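> have a look; sequence and predicted model below, questions after that.
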Amino acid sequence: MMIKKIVCLVGLIPLLAGVCTARAWQATDQERARERAKEVVPFVKEYQDDCQISRRICLMDAGVSLDDVKEVYFLLDSPIIKEREDHYEPVRFAHKRHAALVNDCSKCHHFRPRDENALETTRCSACHQDSFNPDHPERIGLKAAYHQQCMECHQQEAKGPVDCTGCHLKHVPDHKELVKLPDNPDPIQVTKACLECHDTQGEDMLKTAHWLWRGPSPYTTGHRKDILHGKGTTALNNF
Amino acid sequence: MHITRRNFFRFMGAAGASVAVRPPSVHAWQSQAPPDPFGCLVDLTRCVGCRKCEEACAKVNDLPEPERVNCQCTIFEKDRRPDDTSYTVINRYYTGTVDVFDKPVPTYAKVQCMHCQDPACVSACIVGALTKDDTGAVHYDVSKCIGCRYCMVACPFEIPAYEYYDPITPRVMKCTFCQERISKKGGLPGCAGICPTEALTFGRRQTLLGVARKRLKENPGSYIQHIYGEKEVGGTSWMYLSSVPFEEVNLPLLPDTPSPKLSETIQHSLFSYLWSPVLLFGVLGACMARFNRGNDQKQNNADKGGA
């Protein structure tokens, strides 16, 4: 009996080892950000209604600088949003990089809690939680706060993504399983395979300037002097 | 029975008097709006045209997936309307404003049933298939509908659509305000729940009016100082805020009087105590009696002449 058990356990060792090594390596800050994203902090009911300039002065007086940014990297993956719907992978947000680029904390930390003892800067999710809270009808939810804050600034600064997939990674299936191509496929075969599913995108492409362009292309290497050069005319893969 | 001229006038006098002394409540039109309905505030300055609301609407209402749901490249080139396959659509309008880079700024406008406080469709429906319920939703009951499509003609926003392709069991199709979902505590309409920027704010209509007024007051330059739907056609459950004139984003200029007010006043005053049919048939009867008398005299004269 004993020997059997030992044999069994010995047999399990390589298996367990295999399981351990199979687990993908995770960056420590990624793990930390993931843990932090799961936290839900108590709701801040009362806030100090300052204008942005006085808020900025307040932050400057408090001596908040780039060195005070403790959390460098966030994953925006709050259970407050996921409770209602969960369609996307977490959004990665480089907090310190944004702080350094914007150089004005009051852009995002636009109000502070009315509580005197509270920190000068607070998490988004402290004030913005569930949408359409009847007790605070003017307060937008966390999802809307993220979208309005990020997109508005990205638009104003003409920097950073403003489309959905710029921030959100979708669950894209592995196309190795979906598409069967011959060995060494030629470009026509590849495009055909794409168009089998993405035919609407193919049609849309035919209406874009990328396809319809009928003019000079001074920035295309090797075709600088071509007068008529567009994907629909002279390019090699125009099918 | 022989009606003499005197009898006829006597009868008509009595009928006229009964009309004149009828209680005034028949005349005064009363709003049937629910006391504390839900509503939705659409803020066009916040809408980014992602069309997630269309997708969510189709999903929760078992409708076919909207056209090109993940691709916004060409869909906005045509002006779309809600139809029998979609309860809501987003349209894009260029109204002439440009941003700091001289790029034209688009305004996206959602179209769906406005769920009027006093809906014209409910008033026009002759079988009571459409009702305004306490949640604020204009509810459609397919089992009562006879397919007359009066609702489609009556709607000032031209919203109800009809399943013309189905000859046996066609339905009138329009936004349901996700009535079942919002009746539950904490339930949201599909579109408002998914909206990433809270361009759609869901709540009690009175609360939303407060929110809207606050937004107009705090951002005076960003909005046209008007809440579309607060008073239009007597008020609607869906209300709009915009930075561009409402007519330019296909929200029609409408009077503040509820659509059914005039039609129902006319109808109710014409048919109260059946005085108008009585008058009509009285006049017809009198004409007939007179005509017959003339005929009789002619007949008599003819008889005399023949004799």
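Nice, I can see it. It should be emphasised that the depicted structure is a prediction, and the values quoted were computed from it without experimental measurement. Numbering: from 1, shown residues only, chains lettered A, B, ... in the order given.
> distance of B:R92 from B:F246?
16 Å (C-beta to C-beta, to the nearest Å). C-beta here means a position set from N, CA and C on the backbone, and glycine is covered the same way.
> for chain B, what are the nearby residues on chain A?
With the criterion set to C-beta under 8 Å from any C-beta of the partner chain, chain A comes near chain B through A:84-85, A:131-132, A:134, A:137-138, A:140-141, A:143-144, A:147-148, A:151, A:155, A:158, A:162, A:164, A:200-201, A:204, A:207-208.
> go again with 7 Å.
Within chain A, the residues that sit near chain B (C-beta under 7 Å from any C-beta of the partner chain) are A:84-85, A:131-132, A:134, A:137-138, A:140-141, A:143-144, A:147-148, A:151, A:158, A:164, A:200-201, A:204, A:207.
> show me the residues you listed that map onto helices.
Those of the residues of chain A next to chain B mapping onto helices are A:K143, A:A144, A:H147, A:Q148, A:M151, A:C164, A:T200, A:Q201, A:D204, per DSSP state H.
> tally of neighbours for the closest residue to the fifth one other than its chain neighbours?
Setting aside the residues directly before and after it, A:M151 is nearest to A:V162 in space (C-beta to C-beta, 6 or more residues apart in numbering or on different chains), at 5.4 Å. A:V162 has 15 neighbouring residues, counting by other C-beta atoms under 10 Å in any protein chain shown.
> residue of chain A closest to chain B, please.
Using C-beta to the nearest C-beta, A:A144 is the residue of chain A that sits closest to chain B, at 3.3 Å.
> verify the stated contact: that residue with B:T197.
Yes. A:A144 is in contact with B:T197 according to C-beta atoms under 7 Å; the separation is 5.4 Å.
> after the longest strand seen in chain B, next one along is what?
Across chain B, the longest stretch assigned as strand under DSSP state E is strand B:89-98. Tracing the chain C-terminally past strand B:89-98 and defining elements by DSSP states H and E, one meets strand B:104-111 next.
> quick one: low-confidence ranges for the chain?
The chain I'm using is chain A. For chain A, the stretches flagged by pLDDT under 70 are A:1-24, A:171, A:228-239.
> nope, chain B please
Applying pLDDT under 70 to chain B flags residues B:1-4, B:7-27, B:304-307.
> which parts of the chain are strands?
Answering for chain A, as no chain was given. For chain A, the strands identified by DSSP E occupy A:47-48, A:73-76, A:91-94, A:112-113, in order along the chain.
> that's the wrong chain, I wanted chain B
Listed in chain order (using DSSP E), the strands of chain B are B:38-43, B:89-98, B:104-111, B:130-132, B:138-140, B:161-162, B:172-173, B:200-204, B:238-241.
> up against chain A, what does the stretch 151-300 of chain B have?
Proximity of the stretch 151-300 of chain B to chain A, by C-beta under 7 Å from any C-beta, involves residues B:188, B:193-194, B:196-198, B:201-203, B:207, B:210-211, B:214.
> in ChimeraX, how would I select the buried members of the residues you listed?
The following ChimeraX line selects those of these that are buried, judged by 16 or more other C-beta atoms under 10 Å in any protein chain shown:
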select /B:188,193,194,196,197,198,201,202,203,207,211
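> wait, which of the residues of the stretch 151-300 of chain B next to chain A is closest to chain A?
Using C-beta to the nearest C-beta, B:E198 is the member of these that sits closest to chain A, with 3.3 Å.
> quick check: the closest one touching A:S131?
Yes. With contact defined as C-beta under 7 Å, B:E198 counts as touching A:S131 (6.2 Å).
> touching both of the two, which residues are there?
Common contact partners of B:E198 and A:S131 (C-beta atoms under 7 Å, 6 or more residues apart in numbering or on different chains): A:G141, A:A144.
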